[in-house]
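**Q** Pasted the sequence and its predicted model underneath.
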Amino acid sequence: MSPTTVLSTGKREQTKLANRQAILDAAREVFAELGYEAATVRDIIRRTELSVGAFYNYFRSREEVFEALADDGARRFRPILRACWEQAQDFEGYLRAAIQAYFDFLADEHESWQARRPPGERHPHVSMETPEMERVFEEVREAFTAAIERGGAPRVDADYLTAACIAIAREVGERMLQRRPIDTVAAAEFAVRMILGGIPNLPRVREP
């Protein structure tokens, strides 16, 4: 492959990334202003310099764009979550740091989303399932598994424990966003106490 071809290919990829990001940025604004239910693909396209055909090169529907926004939020949160594990001294320290970081992240995302969105509209970083959210799940499960193997956490089912912790964090986080003022510290304390208070009653996993 010639240098000219390499440069051309690289430029095309950069253009694709830029176009995709332009659509996501426009969609974020449109969903915030009009609400998800009222927004249309055409509304999103009008906020970009792209054609209708160009839009459909990247997304097949409004729903796909919304999912991509949710996926983007999870992707940006993963390094924060990883840092919580790297800095944690023990299982409880990781749990507290991770949940507090998640609630802080939610509140920050919500602040810009809430500024213009219609009342009652769902936020794209709360309850959807996307590939990046699956990676978040795996990251938490690996951290829990490591803590259990080190003896720093009760020997319970790490898969169920991860699912339960994420479910509690999601539900408490969603309710937190509906309150005024938004208190991430109180919400995190409640979620952590709920999780830690329930762990002693969970069935233990047998030693291999």
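**A** Alright, I've got the coordinates. Residues are numbered from 1 along each chain as shown.
**Q** so after the helix or strand where Glu67 lies, what's the next helix or strand?
**A** Using DSSP states H and E, Glu67 sits within helix 62-87. Once helix 62-87 ends, the next helix or strand along the chain (criterion: DSSP H and E) is helix 91-114.
**Q** contact partners of that following helix?
**A** 28, 32, 73, 77, 80-81, 84-85, 87-88, 123-126, 140, 143-144, 147, 152-153, 165, 169, 172-173, 176-177, 182, 184-185, 187-188, 191-192, 195-196 (C-beta atoms under 8 Å, 6 or more residues apart in numbering). No exception for glycine: its C-beta is placed from N, CA and C like everyone else's.
**Q** same deal with stretch 152-171?
**A** Counting by C-beta under 8 Å, 6+ apart, 90-91, 95, 99, 102-103, 126-127, 136-137, 140-141, 144-145, 147-148, 191, 194-195, 198-200, 202-205, 207 sit against stretch 152-171.
**Q** what's the offset of that stretch from the middle of its chain?
**A** 17 Å (C-alpha atoms, centre = their mean, to the nearest Å).
**Q** Dump that stretch to PDB, restricted to CA.
**A** Output of stretch 152-171 as PDB, limited to C-alpha atoms (Å, rounded to 0.1, in the frame of the first residue of the first chain):
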ATOM      1  CA  GLY A 152     -11.100  -9.200  51.200                       C
ATOM      2  CA  ALA A 153     -14.800 -10.000  50.500                       C
ATOM      3  CA  PRO A 154     -17.200 -12.700  51.500                       C
ATOM      4  CA  ARG A 155     -17.000 -15.800  49.200                       C
ATOM      5  CA  VAL A 156     -20.300 -15.300  47.400                       C
ATOM      6  CA  ASP A 157     -21.400 -15.600  43.800                       C
ATOM      7  CA  ALA A 158     -19.500 -12.800  42.100                       C
ATOM      8  CA  ASP A 159     -21.800 -12.800  39.100                       C
ATOM      9  CA  TYR A 160     -24.900 -12.300  41.200                       C
ATOM     10  CA  LEU A 161     -23.200  -9.900  43.400                       C
ATOM     11  CA  THR A 162     -22.200  -7.700  40.500                       C
ATOM     12  CA  ALA A 163     -25.700  -7.800  39.100                       C
ATOM     13  CA  ALA A 164     -27.200  -6.900  42.400                       C
ATOM     14  CA  CYS A 165     -24.800  -4.000  43.100                       C
ATOM     15  CA  ILE A 166     -25.300  -2.500  39.600                       C
ATOM     16  CA  ALA A 167     -29.100  -2.900  39.900                       C
ATOM     17  CA  ILE A 168     -29.100  -1.100  43.300                       C
ATOM     18  CA  ALA A 169     -26.900   1.600  42.000                       C
ATOM     19  CA  ARG A 170     -29.000   2.100  38.900                       C
ATOM     20  CA  GLU A 171     -32.300   2.300  40.700                       C
END
